[in-house]
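Student: okay, predicted coordinates and the sequence, questions at the end:
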Amino acid sequence: AREQAEARLAELVRGPRAERIAEARARLSGARDDLAVRERELERLTALLKRKLTSPDSVDAARRLRDQSCSEQDRAGAALAELEHGTTPEELDQAKAALAQARANERERTLDLERLTVRSPRDGRLDDLPYRLGEQPAIGKVVALMLAGPRPYARVYVPEAIRARVTPGTGASIAVDGLDTQFAGRVRKVLADPAFTPYYALTERDRGRLTYLAEIDLQNAPESLPAGVPLVASFQLDGPGKH
């Protein structure tokens, strides 16, 4: 819309092109010739009517055609006069107002787009999109999950039996399904709350079913390693129970 308004204003400031003026003159000349033909035809039929050699209806039809040609000539003349006199101040003012309105609408749409655009505060790789195209997330919901570090990491579940010996900094070996190479890693964090807790009172048997979510930084894995692939983590623990 802004480009169209700018083009219209530029056209009015420049004035009509010589080609358009020549076209309008040719149209006026054609209208005059057509009117002359209609005038002669009306005169001929009027003379025949006086001699009762034609009907009044044919004279009325010829008169209507003559009037139409006269109107066409007037319109062609007015169009030529408008082009020859150029753009009026009123037309320029209207075009300037239309351009100002188009620019204001463009700025408003740009602000709306900026307000609706969500940007990640850090560089990273896209891990997951919880919503599909067309869905409307609720206020405060996560719309994208990003892997924000240059180093890939593994998300694993630590059994309750070895939880006390798995701490940040603990070494690990990661085997990824489909790859022959094992990757070295170190535990970044372990959540304090278990991922599974029975709703009834814990017994000794139930405690063995608890798991704790942990994240392990992979130290020699390529950044192109795809997200979400299954893996097995073996922790480098002192004493029995290496897992």
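Tutor: That came in fine, so what should we check first?
Student: which residues of the protein score low on pLDDT?
Tutor: Low-confidence segments of the chain (pLDDT under 70): 1, 8, 11-18, 84, 86-88, 148-150, 196-208, 223, 239-243.
Student: would you map out the domains in the protein?
Tutor: Domain assignment for the chain by automatic domain parsing gives 2-114, 120-149, 151-235.
Student: in this protein, which spans are strands?
Tutor: Remark: strands assigned in the chain by DSSP state E are 125-128, 145-147, 153-159, 171-176, 182-190, 211-218, 231-235.
Student: redo the domains of the chain as TSV? Include mean neighbour count.
Tutor: In short, each C-beta sits where N, CA and C put it, glycine included. What follows is the domains of the chain, written out as TSV (neighbours: other C-beta atoms under 10 Å):
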stretch	mean neighbour count
domain 2-114	14
domain 120-149	10
domain 151-235	14
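Student: that older thread, out of the strands of the chain, which is closest to Ala10?
Tutor: strand 125-128 (43.9 Å; C-beta to C-beta).
Student: that closest one: partners in the sheet, and parallel or antiparallel?
Tutor: Taking DSSP bridges as the criterion, strand 125-128 forms sheet pairs with strand 145-147 (antiparallel).
Student: so what's the gap between the partner strand and the chain middle?
Tutor: Its chain's C-alpha centre and that of strand 145-147 lie 23 Å apart, by C-alpha atoms, centre = their mean, to the nearest Å.
Student: got the contact list for stretch 26-34?
Tutor: By C-beta atoms under 8 Å, 6 or more residues apart in numbering, the residues outside stretch 26-34 that reach it are Ser69, Glu72, Gln73, Arg75, Ala76, Gly77, Ala79, Leu80.
Student: if we can go back for a sec, got the strands of the chain as TSV, with distance to Gly30 columns?
Tutor: Shown next, in TSV, are the strands of the chain (distance: least, C-beta to C-beta, whole Å):
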stretch	distance to Gly30
strand 125-128	66
strand 145-147	70
strand 153-159	81
strand 171-176	82
strand 182-190	85
strand 211-218	83
strand 231-235	84
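Student: Ala95 is nearest to which of those?
Tutor: Of those, the one closest to Ala95 (C-beta to C-beta) turns out to be strand 125-128, at 46.0 Å.
Student: and the contacts of the closest one?
Tutor: Applying C-beta under 8 Å, 6+ apart, the external contacts of strand 125-128 come out as Ala144, Leu145, Met146, Leu147, Glu223, Ala227.
Student: circling back to that earlier point, in helices, which of the contacts of stretch 26-34 appear?
Tutor: Ser69, Glu72, Gln73, Arg75, Ala76, Gly77, Ala79, Leu80 (DSSP state H).
Student: sounds good, over and out.
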